[in-house]
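Peer 1: For reference, the sequence and a predicted model appear below.
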Amino acid sequence: MTATWTHRMAWVGLVLGLVLALLLFAPARWLAQGIEKASNGQLRLINASGTVWRGKADLMLSGGAGSRTQTVLPRGLQWRLAPRLNAGIPAIGIRLNAPCCTPKPIDLQARPRWGGGELQIAASSSQWPADLLTGLGTPWNTLRMEGQLALQTTGMTLRWAQGRANLEGALAIDALDIASRLSTLRPLGSYRLELQALADGHSASLDLQTLRGDLQLQGSGQWVGGRLRFEGEASAAPGREGTLTNLLNIIGRRDGPRSLVNIG
């Protein structure tokens with residue numbers, strides 16, 4: 001009886017050891033496969049090395065399965081994942097570092113909620129190449145933007161449950177010295193898009209303004225329940241009307257010297 005019990009416990013210990021080793025040393029490619037599937041192929045981690053918990057890869061954006069447009073983030077992406085408890089609820093701490101774009105690593109935390117989940121983004125700032133968006137396909141592969149996208153937040157929390165989402169916090173995106181293959185004018189200008197969660201917790205306001213440049217953009221809208229409603233307009237600075245006519249025709253519906261943009 002004692003020998004049988006000892007034999008069984010040895011097997012249990014072996015199995016538990018294998019499971020623990022599998023969890024601790026799961027290859028990074030497993031994470032890459034999960035992200036690619038969850039994003040329908042639009043976000044890919046290629047050449048992934050290390051483990052699920054600590055690894056690095058080249059970040060690729062694409063238009064999805066079968067898409068011919070692809071862009072890769074210069075110098076790749078590094079990550080660290082760590083399990084933790086948040087108010088007694090299991091969570092995953094995530095630290096992202098992109099040598100090209102994040103002066104300091106970006107810290108996030110993901111945790112499950114009843115019928116959904118929650119993603120917290122700590123205060124951070126980063127700057128990304130605008131042409132990275134080209135890989136996502138339409139309309140970015142038509143615009144082929146150049147310049148820099150500077151992102152800054154004092155902290156954001158996104159929660160979703162039963163098909164509904166709510167947001168806390170704010171995010172500012174500065175599109176700096178933007179150019180496009182659709183215009184010979186380089187750069188077109190610099191712009192700021194601000195996203196601010198509203199008090200109801202279920203919607204957020206959007207505000208677009210021109211910081212500088214010959215292509216003047218402005219507009220406002222709301223993000224409600226995952227749907228975007230936006231009204232804006234584009235116009236040319238005095239003396240640049242002729243140079244920007246073709247671009248204004250593409251941006252939206254012409255109304256005299258303006259081009260009107262309506263989404264949602």
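Peer 2: Received, thanks.
Peer 1: got a list of what residue 132 touches?
Peer 2: 61, 71, 73 (CB atoms under 8 Å, 6 or more residues apart in numbering). For every residue, glycine as well, the C-beta is placed using N, CA and C.
Peer 1: hang on, residue 228 packs against residue 262?
Peer 2: No: using CB atoms under 8 Å as the test, residue 228 is too far from residue 262 to be in contact (10.9 Å).
Peer 1: which residues are common contacts for the two?
Peer 2: By CB under 8 Å, 6+ apart, no residue touches both residue 228 and residue 262.
Peer 1: In the chain, what residue spans correspond to helices?
Peer 2: 2-24, 28-38, 140-143, 241-251 (DSSP state H).
Peer 1: Of the ones you listed, which shows the lowest average pLDDT?
Peer 2: Note on the helices of the chain: helix 2-24 shows the lowest mean pLDDT, a mean of 47.
Peer 1: which residues does the spatially most central residue of the chain contact?
Peer 2: In the chain, the residue lying closest to the centroid (CA atoms, centre = their mean) is residue 43, at 9.5 Å. Residues near residue 43 by CB under 8 Å, 6+ apart: 35-36, 59-61.
Peer 1: swap the cut-off to 10 Å and go again
Peer 2: The contact partners of residue 43, by CB atoms under 10 Å, 6 or more residues apart in numbering, come to 32, 35-36, 59-62, 64, 135-136.
Peer 1: Which of those residues are buried, as a ChimeraX select command?
Peer 2: The following ChimeraX line selects those of these that are buried, judged by 16 or more other CB atoms under 10 Å:
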select :32,35,36,59,60,61,62,135,136
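Peer 1: Among the contacts of residue 43, name the ones in strands.
Peer 2: 59-62 (DSSP state E).
Peer 1: Would you mark the buried spots in stretch 85-100?
Peer 2: 91, 93-94, 96-98.
Peer 1: Also stretch 245-262?
Peer 2: 247-248, 251-252, 258-259, 261.
Peer 1: for those residues, which one is nearest residue 169?
Peer 2: Minimum distance to residue 169 across the buried residues of stretch 245-262 is 25.8 Å, recorded for residue 261 (CB to CB).
Peer 1: tell me the contacts of that closest one?
Peer 2: Contacts of residue 261 by CB under 10 Å, 6+ apart are 208, 217-219, 221, 230-234, 251-253.
Peer 1: Could you do residue 212 as well?
Peer 2: 176-177, 187, 189-191, 237 are the contacts of residue 212 under CB under 10 Å, 6+ apart.
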